[in-house]
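Colleague: Sequence first, predicted coordinates after that:
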Amino acid sequence: MPDVPAHAGEAQFTTTFMRQQLRKKRNSKTQYLRVLVVAVVLLILGVLFLVSTFGSRQFGPMHKIAMEFVGPVQKTVTATGSLLSSFKSDYIDSIQNFFKLNEEKKRLSKQLQETEALLNRSREAMATNASLRKLLDFKNAAEQRSIAATIVGKDPSPFFRSVIIDQGANSGIVKGSPVVCSEGVVGQIFTTSPNYSKVLLAIAPSSAIDVLLQKSRVRGILKGTGELTYRLEYILKNVDVEVGDYVVTAGYGGVFPTGLPVGIVSKVFRQPQGMFHEIEVHPAVDYQTIEHLLVIEKPNLNEIFEQPVQP
Amino acid sequence: MTFLCFLVVGTLLVVLQTTLLMPTPVWAFSPDFYFIFVAYLASRFTPVLGLLLVYLLGLMLDVLVGTMLGMFSTLCFAGFACIRLFSSRMVRWDFLYSIPLISLTFFLLSALVYLVFDFLYVGQLVTWVWWEMLIRAALVAAFTYPLFRLLDKLYTYSKNMVYPWKRLRVRSDRPKRRQT
């Protein structure tokens, strides 16, 4: 405590000064306490939120709102990027390609001839297929409705493999709906909001699809590796598998329709130990360039089971 | 208003990262702007506002990224806490000194995520690839300084901006109160 001065004026000043110092100390203590209380409350709320949602795979109301808020911004940015890219390819690249027109014409003519020949063979195969099916009294599955969607965002983290598309529950998409493109299987719907959905790609480690080897009709499980390849598991060693064999969806479980192209066997590791082959499959889909997808409407299994059985 | 400005900037950074800066679904060179943003919030903002912004950013990331809800919220929260702790303990906290620290924190937290998931949720994450994670840490280090400078300018601008409601304040003729 400072010494009390002799003069009254100085004494009054010092007392006021001391009161001010004391008030400042109390204010800073109160402020510190206030910040601490708010931080602790936020921390408890945050921990409660994390504990209740950590590991969950279902979007809550807040997540859906956040997705509906960010989705349109993603869509706008992606559309702008596509527009700039198409402008470049339409105008700038065409100037560079002007001098290569003659070679391009020859290449396209050759490709057209090959395609026409393939088309003729395909028509013949289709006709044969139709007659054989009729003979076997094979009932074709009804054509399933599909919804076209565009990728508006991609997962930037090194941990997961997923994309966001611009169709959601309002379009009839439900969790688990298969997602394909013109080349083959892409993945499955993971979560939905009213207008956007998240697709778990088939290359994700947590993805597993029921598949068949087209040649031998042996069933296996196709899993993602995180990179641009799949791993085909549970194929016994006595099964004849070769590089170049086609892999298609098996259709079990009612998730993916039967016969959708998945990939081509690229490597077969024949280990001396173990029961199964180690098979690497190259995807049918080029994941580096996919943009437009089709979401196949998932069949309502209850409706199928309620249908009367024909004698 | 600074809070709103930074909320918009954070949203835009996340959107850019998931669209233009991620040209394909498998791309090892996407810079993790969200972590640099969290580091900036930790070093500049008060704990309350910073945590609130981190919470909202984590929510957006959980929605747009990955398949495990709560993971990015935890990661952002942990990053905020670590950077805040280091920045308060260091004698001199300058942007240049913070670069290796932020990059190392990002690398260690990512490794921690992989470790936790290896115990709790086996087979959920993409396999750890050393070179890819080192590239990401290097990208975080490369973008920290320019992004910090940009955010600092935004922070100063938002603080000094004269908002319409301030202009409407009527000057009173009463003498100003003594500051106590």
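Modeller: Everything's here; your move.
Colleague: Could you give the average pLDDT over stretch A:267-281?
Modeller: With pLDDT averaged residue by residue, stretch A:267-281 scores 86.
Colleague: anything in it near chain B?
Modeller: No. Stretch A:267-281 is not in contact with chain B by C-beta under 8 Å from any C-beta of the partner chain; minimum separation 14.3 Å. Every residue, glycine included, has its C-beta placed from N, CA and C.
Colleague: which other residues reach that stretch?
Modeller: Contact partners of stretch A:267-281, identified using C-beta atoms under 8 Å, 6 or more residues apart in numbering or on different chains, comprise A:220, A:222, A:229-237, A:239, A:241-243, A:247, A:262-266.
Colleague: Any of the residues you listed buried? List them.
Modeller: Buried members of the contacts of stretch A:267-281, counted by 16 or more other C-beta atoms under 10 Å in any protein chain shown: A:220, A:222, A:230, A:232, A:235, A:241, A:247, A:262-263, A:265.
Colleague: and of these, the nearest to chain B?
Modeller: residue A:230 (13.1 Å; C-beta to the nearest C-beta).
Colleague: The closest one is in contact with residue A:223, isn't it?
Modeller: Yes. Counting by C-beta atoms under 8 Å, residue A:223 is a contact partner of residue A:230 at 6.7 Å.
Colleague: circling back: mind listing which of the contacts of stretch A:267-281 are in strands?
Modeller: A:220, A:222, A:230-233, A:247, A:262-266 (DSSP state E).
Colleague: Throw those into CSV and include distance to residue B:55, thanks.
Modeller: Below are the ones in strands among the contacts of stretch A:267-281 laid out as CSV (distance: C-beta to C-beta, whole Å):
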residue, distance to residue B:55
A:220, 44
A:222, 38
A:230, 37
A:231, 38
A:232, 42
A:233, 40
A:247, 44
A:262, 40
A:263, 41
A:264, 46
A:265, 47
A:266, 44
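Colleague: which of the residues you listed lies closest to residue A:118?
Modeller: Closest approach to residue A:118 among these (C-beta to C-beta): residue A:264, at 17.6 Å.
Colleague: Quick check: bridge partners of that closest one?
Modeller: residue A:246, residue A:282 (DSSP bridges).
Colleague: what comes up buried for stretch A:198-208?
Modeller: A:198-207.
Colleague: ok, and what's touching it?
Modeller: Against stretch A:198-208 from outside (C-beta under 8 Å, 6+ apart): A:160-165, A:179, A:185-192, A:209, A:221-230, A:262, A:283, A:285, A:287, A:293, B:25-26, B:64, B:67, B:123-127.
Colleague: what do you get for stretch B:77-89?
Modeller: So stretch B:77-89 is in contact with A:46, A:50, B:35, B:38-39, B:41-43, B:47, B:50-51, B:54-55, B:58, B:93, B:98, B:101-102, B:105-106, B:109, B:112, going by C-beta under 8 Å, 6+ apart.
Colleague: if we go to 10 Å?
Modeller: A:42-43, A:46-47, A:50, B:34-45, B:47, B:50-51, B:53-55, B:57-58, B:93, B:97-98, B:101-102, B:104-106, B:108-109, B:112-113 (C-beta atoms under 10 Å, 6 or more residues apart in numbering or on different chains).
Colleague: tell me how far that stretch is from the chain's mean position?
Modeller: Taking C-alpha atoms, centre = their mean, to the nearest Å, the mean C-alpha location of stretch B:77-89 is offset from the chain mean by 11 Å.
Colleague: tell me which residues in it are buried?
Modeller: Here stretch B:77-89 shows B:77-80, B:82-84, B:86-87 as buried, counting by 16+ other C-beta under 10 Å.
Colleague: Show me which of the contacts of stretch A:198-208 are buried.
Modeller: A:160-165, A:179, A:185-192, A:209, A:222-226, A:228, A:230, A:262, A:283, A:285, A:287, A:293, B:25-26, B:64, B:67, B:124-126.
Colleague: Kindly report the residues of the stretch 201-311 of chain A close to chain B.
Modeller: For the stretch 201-311 of chain A, the residues in contact with chain B (C-beta under 10 Å from any C-beta of the partner chain) are A:201, A:203-208, A:223-228, A:286-290.
Colleague: Any chance of the backbone angles for the closest residue to chain B within the stretch 101-250 of chain A?
Modeller: Closest approach between the stretch 101-250 of chain A and chain B, counting by C-beta to the nearest C-beta: residue A:226, at 3.3 Å. Phi and psi for residue A:226, reported as degrees, to the nearest 10, are phi 100, psi -20.
Colleague: show me what contacts it?
Modeller: For residue A:226, the contacting residues are A:158-161, A:201, A:203-206, B:26, B:125-129, by C-beta under 10 Å, 6+ apart.
Colleague: With residue B:13 instead?
Modeller: B:21, B:31-34, B:36-37, B:57, B:60, B:147, B:151.
Colleague: Which parts of chain A are helices?
Modeller: In chain A, the segments counted as helices under DSSP state H are A:8-53, A:61-87, A:93-97, A:101-136, A:301-306.
Colleague: do chain B as well
Modeller: B:2-18, B:33-44, B:47-64, B:71-89, B:95-120, B:130-160, B:164-167.
Colleague: Pick the most buried one from the ones you listed.
Modeller: helix B:33-44 (a mean of 25; mean count of other C-beta atoms under 10 Å in any protein chain shown).
Colleague: got the angle for that helix vs helix B:47-64?
Modeller: 170 degrees (axes from the mean of the first three to the mean of the last three C-alpha atoms, to 10 degrees).
Colleague: anything in helix B:33-44 near chain A?
Modeller: Yes. Judged by C-beta under 10 Å from any C-beta, helix B:33-44 and chain A are in contact via B:33-34.
Colleague: I'd say residue B:108 and residue B:137 touch.
Modeller: Yes. Proximity of residue B:108 to residue B:137 meets the contact threshold set by C-beta atoms under 10 Å, at 9.4 Å.
Colleague: so which of the helices of chain B comes closest to residue A:77?
Modeller: Using C-beta to C-beta, the nearest of these to residue A:77 is helix B:2-18, at 5.7 Å.
Colleague: what's the spacing between that closest one and its chain's center?
Modeller: The answer for helix B:2-18 is 10 Å, by C-alpha atoms, centre = their mean.
Colleague: Dump it to PDB, restricted to CA.
Modeller: What follows is helix B:2-18, C-alpha atoms only, in PDB (Å, rounded to 0.1, in the frame of the first residue of the first chain):
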ATOM      1  CA  THR B   2     -16.300  -9.300 -38.300                       C
ATOM      2  CA  PHE B   3     -17.900 -12.600 -37.200                       C
ATOM      3  CA  LEU B   4     -20.200 -12.600 -40.200                       C
ATOM      4  CA  CYS B   5     -17.400 -11.600 -42.600                       C
ATOM      5  CA  PHE B   6     -15.300 -14.500 -41.500                       C
ATOM      6  CA  LEU B   7     -18.200 -16.900 -41.500                       C
ATOM      7  CA  VAL B   8     -18.800 -16.000 -45.200                       C
ATOM      8  CA  VAL B   9     -15.100 -16.300 -45.900                       C
ATOM      9  CA  GLY B  10     -14.900 -19.700 -44.200                       C
ATOM     10  CA  THR B  11     -17.800 -21.000 -46.200                       C
ATOM     11  CA  LEU B  12     -16.300 -19.800 -49.400                       C
ATOM     12  CA  LEU B  13     -13.000 -21.400 -48.600                       C
ATOM     13  CA  VAL B  14     -14.700 -24.700 -47.900                       C
ATOM     14  CA  VAL B  15     -16.700 -24.500 -51.100                       C
ATOM     15  CA  LEU B  16     -13.600 -23.600 -53.200                       C
ATOM     16  CA  GLN B  17     -11.800 -26.500 -51.600                       C
ATOM     17  CA  THR B  18     -14.500 -29.000 -52.600                       C
END
